[in-house]
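**Student:** Could you look at this predicted model? Sequence included:
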Amino acid sequence: MRSGLHMFTLDDVSGEFYLTKSNIRIPTHGNIYSFNDAYFDSWDSATRYFIQDLRSNKLRQSQYSRSPSARYIGALVADVHNILMNGGVFGYPATVKNPSGKLRLVYEANPLAMVLEEAGGYSSDGKQRILDKEVNNIHERT
């Protein structure tokens, strides 16, 4: 069934969708990281270290790549779209208050994981691939 990721735009006059981009691939050297830093203190230590390493340029791939840049929009689909078009990493890590995470597996995480992977990206909850997670509850969070 999978045949690449394609973008369509709705023409609101005709009511038809038109192909505007085909075979979308996430750029391999994106410098964007999209995490809600307001929750930094409530993330686990591994996530905090990862973000600190991003901020301090310890994870730059080469001397020619750009410094990481925080770009958190706060709207899940808009943030993922930004990563699709510009490259980088998106995260919505679990917190002390929400140890299972906040994204709903069935109708948020799984569909966007499929989109990202179809564009050459990867999706994980930090322990396993999102699309490999077993669904136990329709409202299960990750």
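**Tutor:** It's in. Residues are numbered from 1 along each chain as shown.
**Student:** how many neighbours does the nearest residue to residue 47 once chain neighbours are set aside have?
**Tutor:** Spatially, and ignoring its direct neighbours in sequence, residue 47 is nearest to residue 93 (4.6 Å; Cβ to Cβ, 6 or more residues apart in numbering). Using the backbone N, CA and C atoms, a C-beta is placed for each residue, glycine as well. Residues contacting residue 93 under the criterion other Cβ atoms under 10 Å number 21.
**Student:** pretty sure residue 93 is touching residue 45, no?
**Tutor:** No. With contact taken as Cβ atoms under 8 Å, residue 93 and residue 45 are classed as non-touching, separated by 11.3 Å.
**Student:** Could you give the average pLDDT over stretch 102-109?
**Tutor:** Averaged across stretch 102-109, pLDDT comes to 96.
**Student:** Pick out the residue closest to the middle of this protein.
**Tutor:** Nearest residue to the geometric centre of the chain (Cα atoms, centre = their mean): residue 90, 3.5 Å.
**Student:** Per-residue pLDDT of it, please?
**Tutor:** Confidence at residue 90, expressed as pLDDT, is 94.
**Student:** May I have the beta-bridge partners of it?
**Tutor:** On the basis of DSSP bridges, residue 90 is bridged to residue 34.
**Student:** thought it was touching residue 34?
**Tutor:** Yes. Using Cβ under 8 Å, residue 90 is in contact with residue 34, at 4.5 Å.
**Student:** Need the overlap of contacts for those two.
**Tutor:** Residues touching both residue 90 and residue 34 by Cβ atoms under 8 Å, 6 or more residues apart in numbering: 79, 83.
**Student:** Quick check: next helix or strand after the helix or strand bottoming out on mean pLDDT in the chain?
**Tutor:** Ranked by mean pLDDT, DSSP states H and E, the weakest helix or strand in the chain is strand 69-70, scoring a mean of 86. Sequence order places helix 76-86 as the next helix or strand after strand 69-70, per DSSP states H and E.
**Student:** Tell me how many other residues surround residue 26.
**Tutor:** Per other Cβ under 10 Å, the neighbour tally for residue 26 reads 19.
**Student:** Before we go further, it is sitting in a helix, right?
**Tutor:** No. Read with DSSP: H, G, I helix; E, B strand; the rest coil, residue 26 is coil and lies in no helix.
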